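1. Need a 3D model of the sequence below.
(chains A and B)
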Number of protein chains: 2
Amino acid sequence: MRIAEPTVERLVQYHRLLEQLRKDGRKVVSSQEMGEILSFKASQVRKDLSYFGEIGKRGVGYSVDSLHRHIDRILATPEKWSIGLVGVGKLGEALLGYQAFRKEKFHFSALFDNDKKKIGTKIQGIECYSSDDIEKVLREKNISVLMVSVPASGAPLVVAEALKAGTLKGILNFAPVSLTVPEGVLLIPVDISIELEKLFFYIKHKDD
Amino acid sequence: MRIAEPTVERLVQYHRLLEQLRKDGRKVVSSQEMGEILSFKASQVRKDLSYFGEIGKRGVGYSVDSLHRHIDRILATPEKWSIGLVGVGKLGEALLGYQAFRKEKFHFSALFDNDKKKIGTKIQGIECYSSDDIEKVLREKNISVLMVSVPASGAPLVVAEALKAGTLKGILNFAPVSLTVPEGVLLIPVDISIELEKLFFYIKHKDD
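-> A predicted model of the protein is given here:
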């Protein structure tokens, strides 16, 4: 089962919306309302949810609780993911502090940097190691996910070292550079400059 | 002409690669080599480039210089974009400092924050205003692009205020919340927690 990336993205958005609705004490929600809030078509919402086995009642909608539980099971992780982060600059610290990351399903268990002032200290409560030790520490701590927030020039080398540990299953890359990973390791690039270029492109061409 | 988002993204990546090749003094490049570096199929590279009017010579490849100029014209902006940034926390500062943003085609011309210690000062050389004044300042400076790096709870309100200025053509939203924008304003969400959830989802389901 290879689910298309936009579908997974919508699924995560449904999940977040349902969490909010639960907090607000809502019992039912319609595909129309979910679609309006998230800027999807109601038919898209119904199609997605029925694909994952949930059918709303016509004229009533979906039970917020049961739909939330259902999507929660699909998105749930079988273990608590252990995340490493390399590059504790401003972006790295922003990622560490990112409230949305503070969930039960994952936690940061090691940081890596080249800066001697940071190595050996704790940053936001998490131990910072030398990037030179990344292979060893990833293996010792059995870290499966790595966030990369080093400058573009340094990313390929440190990622190559990290991959040698053999523990990595996924990489979230914030460095504006293409990385090469072996089969079996998932790479998701989050390239802010590309998003900005895309925005400019669309603004420029939207009247064509 | 509505070009699909993945195509625009590849175009930006070709452009970046060609810049690097030019710096390295390379004269020609093949679709195979470009594909290998960027993890696309060579046939995809040829298809994209021929769509935009560039045909490589069989057995020779593309001229690095002329292909770079060609894509540069497609991506070039007709004016120097003026960008505002609201929320000068760690993420906001990371965005400001992001080297990839420091290009001739755009510049930050105003920052906004709620923090009294920041308002009225310059941060990385750029004036910081009160978020309460966002409508007025955007209009005065004719700012067309806004980056939003405030917490999720504060984003909808400040964006609604910003939109009142009537100058915005595009928004890059880093707050993990859905925003509503009128037609004619482009919204590109960069939701780091969604990317991370996607990564977890794929890792969990990849052996299904």
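2. can you tell if the longest strand belonging to chain A touches chain B?
-> Assignment by DSSP state E gives strand A:106-113 as the longest strand of chain A. Yes - Strand A:106-113 reaches chain B (Cβ under 8 Å from any Cβ of the partner chain) through residue A:106. Glycine gets a C-beta too; all of them are placed from N, C-alpha and C.
3. got a pLDDT number for residue A:161?
-> We have a pLDDT of 97 for residue A:161.
4. With residue A:134 instead?
-> 98.
5. hmm, who's touching whichever helix or strand comes after the longest strand of chain A?
-> Of the helices and strands lying after strand A:106-113 in sequence (DSSP states H and E), the nearest is strand A:122-123. For strand A:122-123, contacts defined as Cβ atoms under 8 Å, 6 or more residues apart in numbering or on different chains pick out A:88, A:93, A:96, A:111, A:128.
6. Could you find the closest non-adjacent residue to the last one?
-> To tie it back to what came earlier, the one meant is residue A:128. For residue A:128, the nearest residue in space outside its immediate sequence neighbours is residue A:111; the separation is 4.2 Å by Cβ to Cβ, 6 or more residues apart in numbering or on different chains.
7. I'd say that neighbour and residue A:130 touch.
-> No - using Cβ atoms under 8 Å, residue A:111 makes no contact with residue A:130, being 10.5 Å away.
8. Between those two, which is the more surrounded one?
-> residue A:111 (27 against 16; other Cβ atoms under 10 Å in any protein chain shown).
9. In contact with that one, which residues?
-> Residues near residue A:111 by Cβ under 8 Å, 6+ apart: A:84, A:85, A:86, A:88, A:92, A:96, A:118, A:123, A:126, A:127, A:128, A:129.
10. now residue A:64
-> Residue A:64 neighbours (Cβ under 8 Å, 6+ apart): A:18, A:21, A:22, A:26, A:27, A:28, A:29.
11. The same query, at a cut-off of 6 Å, please.
-> A:18, A:21, A:22, A:26, A:27, A:29 (Cβ atoms under 6 Å, 6 or more residues apart in numbering or on different chains).
12. repeat for residue A:162
-> A:134, A:138, A:146.
13. What spatial separation is found between the closest residue to residue A:119 other than its chain neighbours and residue A:85?
-> Sequence neighbours aside, residue A:130 is the residue nearest to residue A:119 in space, at 4.8 Å (criterion: Cβ to Cβ, 6+ apart). Computed with Cβ to Cβ, to the nearest Å, the distance linking residue A:130 and residue A:85 is 14 Å.
14. Am I right that residue A:13 is in contact with residue A:37?
-> No - contact between residue A:13 and residue A:37 fails when scored by Cβ atoms under 6 Å: they sit 9.3 Å apart.
15. More neighbours: these two, which one.
-> A count of neighbours by other Cβ under 10 Å puts residue A:13 above the other of residue A:13 and residue A:37, at 21 against 15.
16. so what's the backbone phi/psi at the residue nearest the centre of chain A?
-> Geometric centre of chain A, nearest residue: residue A:172, 7.4 Å, by Cα atoms, centre = their mean. Reported as degrees, to the nearest 10, the phi and psi values for residue A:172 are phi -110, psi 110.
17. Distance of residue A:27 relative to residue A:58?
-> In terms of Cβ to Cβ, residue A:27 sits 17 Å off from residue A:58.
18. Of the two, which one has the most company?
-> In terms of neighbours (other Cβ under 10 Å), residue A:27 is the more surrounded of residue A:27 and residue A:58; the figures are 10 against 7.
19. where exactly do the helices run in chain A?
-> Under the criterion DSSP state H, helices of chain A are mapped to A:5-23, A:31-38, A:42-51, A:64-75, A:90-97, A:134-141, A:155-163, A:192-205.
20. quick one on the thing from earlier: do I have it right that the residue nearest to residue A:119 meets residue A:118?
-> No - the criterion here is Cβ under 6 Å, and residue A:130 misses it with residue A:118 at 9.2 Å.
21. And the pLDDT at residue A:30?
-> So residue A:30 comes in at 93 (pLDDT).
22. ok now do residue A:81, which residues does it touch?
-> A:106, A:145 are the contacts of residue A:81 under Cβ under 6 Å, 6+ apart.
23. Any idea what it is bridged to?
-> Residue A:81 has the following beta-bridge partners by DSSP bridges: residue A:106.
24. Quick check: it vs residue A:143, distance?
-> 9 Å.
25. who touches both of these two?
-> Common neighbours of residue A:81 and residue A:143 (Cβ under 6 Å, 6+ apart) do not exist.
26. and chain A, which of its residues are near chain B?
-> A:1, A:8-9, A:12, A:38, A:77, A:90-91, A:93-94, A:97, A:100, A:169-170, A:172, A:176, A:178, A:186, A:188, A:190, A:193-195, A:197-203, A:208 (Cβ under 6 Å from any Cβ of the partner chain).
27. How many residues are close by the closest residue to residue A:184 other than its chain neighbours?
-> Counting by Cβ to Cβ, 6+ apart, residue A:184 lies nearest to residue A:169, which is 7.7 Å off, once chain neighbours are set aside. Residue neighbour count, defined by other Cβ under 10 Å, stands at 18 for residue A:169.
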